[in-house]
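**Q** Output the structure for:
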Amino acid sequence: MACGPCMGAAGDEPDGGKLQPIAKRSCTDILCCFLFIVFWVGMLLIAAYSILFGNVFRIIYGYDSFGNICSMENEPIEGVELSGMDMTNKSRVFFMDIRDPVRSMEICVSQCPDKMLNTNGEVEDFATDTGSRLCRYDIDTSEYPTADQGLDGPCPEVVYESKNIINRCVPVQLEEFVREFIDNVIEALNSAELISKALADVYMARWAILAMCVIALVLAFLMVFLIHIVAQIVVWLIYIISVVGSIAGTVALWITWKMKKDMFEQLPELEQLDAASRNVQAFLIYSICATVFTVILCLVILVMRKRIAFTVELYHQAGKALSAMPLLLIQPVWTFLILAVFFIYVAAVFVFISATGHPTVMNDTGYVTYDPPSPVRHFWWYHAVGFIWTAEFILACHQFVIAASVADWYFTREKKKYSSPILKAIGRLTSYHLGSMVFGAFIILLVKIPRAILLYIQYKLKDSANEVAKCVLKCLSCCLYCLEKFLKYINENAYIIIAIEGGGFCNSARKALIILLSNSLRVAAINCVGDFVLFLGKLTVVALTAVSGLLIMGFQDDPRLIFYAIPVGIGSIFAYIFASCFLSVYEMAVDTLLLCFCEDTRINDGSAEKPYFMDKSLMEFVSKSSKKMNKKKKKSDKEDETDADPAAVRLHESPEKSSPTGDGPRDEVDAPLDPAKEAKEV
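**A** Model (predicted):
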């Protein structure tokens, strides 16, 4: 069933990059799927160990320097005098000196101090009034005035007004102790009053923000079905603006150079400064560069015009496909929910891993700490790798489901009768191709790990004076980033080939690369023009949502609203997210249709025996393009024959004219289209 280093399907022999759809699929990349399952067994074992031996309450409630967990009854720790105490009524961790929380003694208290306490007498009064004792457990309140103060107690050096944050007593004016970290933030936010007003405006406009989200959802949904109409208008608008703008700019530069040159030459020789001469030369250089750029741009547009027209037609077909499968548009929602649940699971496991460990007495201070055993510390990295690998696997499955649904729609002749494409795609994924998705995700993982290591090294060397090392690290990070983007693009097209053909990942990736290289102009047109059209679609959704938000809040005319921009900005962010989700499905559909078209024109010729699978409008577009090319070729051949021997032309034409019954040679225009020519001509 599987063979080779990638453990692909049995039919994955080298074939020069040609797609070979198979009638019956088989499981692909089984070894990768097996290794992924083994890896996940390890992750589950780590999660089970962490849950069984980790005390998450120690993370939630905190513990004191004697190993007592706050808010709980505790077992005594051998060799620690004040351990094993009942802390049921003491749910807050208090630091003897919050300015040095790492080395400070910690105790459990029932209430955080709600005011500044400068002396031990004030600490005693606070304990008497509230019952919250801020000195070490073995110190009686009557001994507070004469007890020592300091980092190690028994009483605190100074007590600040504090609030309960995650069951820890944190000073209200925290910026006094970490000012170097938050000065910039405070300056940017200006004041706490500004933040509170902004948050109040968000709360007051919560229904308007919700309405904006609903409007954005509807607009994004409609944009998917309108984008194929907008695409054609935008493409020709880009044509006109690009050509006219470049020509106008070039002409303006040449006119400016001529004016500057004439003005410079009219000056007396003594007044002709070097600066003015260099200015004239600069405009001459600018004019020449602009001319070269304009010529290249016009040539590129001339060469790419048919490919761009084909791109517009593909967008039209993608709109039809999604109209036939509207539920495909909510596929990103399911993917997001799955990723969110998985992220919550991973975060919970990380917390439990942090909660593992046995009490250990520190030699220098005598305090108790809970350090995880040495092997457990590596669980973090194992689980982090599993998190990245699984997240990429989920995204790969998302892309495959879209590609398989669109490919099935394309290769179905009775498209109106086709039903349940998404369920069929999911069934095909889970039955045959999970291993290929795992393999593709693993390749991305191999790039992400070195990138993460380099980013960590950059963080450690941010204060280093070695600028050469910093530059090298940035260059390496940039190269890995570009490599990751390239591999993701190849993976995406490999998943499309797998959806069409049913082969293994390696062979599908190789075929995808060959097809992309052989259709480079087409791919460039789709990626450049198509991506720009999609960006304009996102921008349109955001702009209309923002305008709707302003109209909604303006209609409400709530005098309590001060900063309209903040609720509108939040609604616009959600609008961009919704538009990106929906249009990402559209983008994947266009990429899938391109490869389906290449496969369709390879295996079929449009005859009665081998009719195309493509939609009628796309077939008409292909036929018109091919006929135009054939007419041009025929005209060119006739001109060559006339130049060589006019008599030969007459002999060549006479059989056609003498065959009224149609038995003579058919006109080349009406001949069946050659798929090889067709793929090049369109």
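
**Q** is it true that Lys260 touches Phe283?
**A** Yes: with contact defined as Cβ atoms under 8 Å, Lys260 and Phe283 form a contacting pair (5.6 Å). Every C-beta, even on glycine, is put in place using the N, C-alpha and C of the backbone.

**Q** hang on, Leu219 in a helix?
**A** Yes: assessed by DSSP: H, G, I helix; E, B strand; the rest coil, Leu219 belongs to a helix.

**Q** excluding its backbone neighbours, what's nearest it?
**A** Val541 (4.7 Å; Cβ to Cβ, 6 or more residues apart in numbering).

**Q** quick one: that neighbour is in a helix?
**A** Yes: looking at Val541 with three-state DSSP, it is inside a helix.

**Q** how many other residues sit next to it?
**A** Neighbour count of Val541, defined by other Cβ atoms under 10 Å: 27.

**Q** Equivalent analysis for the one 3 residues further on, please.
**A** By other Cβ under 10 Å, 17 other residues sit near Leu544.

**Q** Same check on Trp207?
**A** The number of residues packed near Trp207 is 10, by other Cβ under 10 Å.

**Q** Contacts only, for the residue nearest to Leu219.
**A** 216, 219-220, 223, 575-576, 578-579 (Cβ atoms under 8 Å, 6 or more residues apart in numbering).

**Q** Buried members of these into ChimeraX, please.
**A** To isolate the buried members of the contacts of Val541 in ChimeraX, using 16 or more other Cβ atoms under 10 Å:
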select :216,219,220,223,575,576,578,579
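
**Q** In helices, which of the contacts of Val541 appear?
**A** Secondary structure from DSSP state H places 216, 219-220, 223, 575-576, 578-579 of the contacts of Val541 in helices.

**Q** Enumerate every residue touching the nearest residue to Ser287 once chain neighbours are set aside.
**A** Beyond its immediate neighbours in the sequence, the residue positioned closest to Ser287 (Cβ to Cβ, 6+ apart) is Leu253, lying 4.2 Å away. For Leu253, the contacting residues are 283, 286-287, 290, by Cβ under 8 Å, 6+ apart.

**Q** Can you check what pLDDT the model gives the residue nearest to Leu219?
**A** Here, the pLDDT recorded for Val541 equals 83.

**Q** any idea how far it is from Cys213?
**A** 12 Å (Cβ to Cβ, to the nearest Å).

**Q** what do you get for Ala282?
**A** For Ala282, the distance to Cys213 - Cβ to Cβ - is 52 Å.

**Q** the more surrounded of these two?
**A** Cys213 (18 against 12).

**Q** Near the nearest residue to the more buried one once chain neighbours are set aside, how many other residues are there?
**A** Leaving out its chain neighbours, the residue that sits closest to Cys213 by Cβ to Cβ, 6+ apart is Phe574, at 4.9 Å. Neighbourhood size, Phe574 [other Cβ under 10 Å]: 17.

**Q** contacting residues for Phe574?
**A** 209, 212-213, 216.

**Q** from the residues you listed, which is closest to Thr592?
**A** Relative to Thr592, the closest of the contacts of Phe574 is Ala216; by Cβ to Cβ it sits at 25.9 Å.

**Q** Let's see the pLDDT reported for the closest one.
**A** 83.

**Q** ok now do the nearest residue to it once chain neighbours are set aside, which residues does it touch?
**A** Of all residues not flanking Ala216 in the chain, Ala575 sits nearest, at 3.5 Å (Cβ to Cβ, 6+ apart). Ala575 sits next to 212-213, 215-216, 219-220, 541-542, 545-546 when contact means Cβ under 8 Å, 6+ apart.

**Q** One more pass at 10 Å, please.
**A** 212-213, 215-217, 219-220, 538, 540-546, 548-549 (Cβ atoms under 10 Å, 6 or more residues apart in numbering).

**Q** Roughly how far does it sit from Leu327?
**A** From Ala575 to Leu327 the distance is 22 Å (Cβ to Cβ).

**Q** How about Val376?
**A** Distance from Val376 to Leu327, by Cβ to Cβ: 44 Å.

**Q** How about Ser464?
**A** Applying Cβ to Cβ to Ser464 and Leu327 gives a distance of 53 Å.

**Q** Have a look at the ones in helices among the contacts of Val541 and tell me the least confident one.
**A** Among the ones in helices among the contacts of Val541, Met223 carries the weakest pLDDT, at 78.

**Q** how deep is the closest residue in space to that residue that isn't next to it in sequence tucked in, by neighbour count?
**A** Computed as Cβ to Cβ, 6+ apart, the closest residue to Met223 that is not its neighbour in sequence is Gly537, at 4.9 Å. Neighbour count for Gly537, taken as other Cβ under 10 Å: 24.

**Q** just Asn363 next, same as before
**A** 6.

**Q** Next: Ser508.
**A** Quick note: Ser508 (other Cβ under 10 Å) scores 32 neighbours.

**Q** in a helix, that's where it is, yeah?
**A** Yes: judged by three-state DSSP, Ser508 forms part of a helix.

**Q** That one and Glu492 touch, don't they?
**A** No: counting by Cβ atoms under 10 Å, Ser508 stays clear of Glu492, with 11.2 Å between them.
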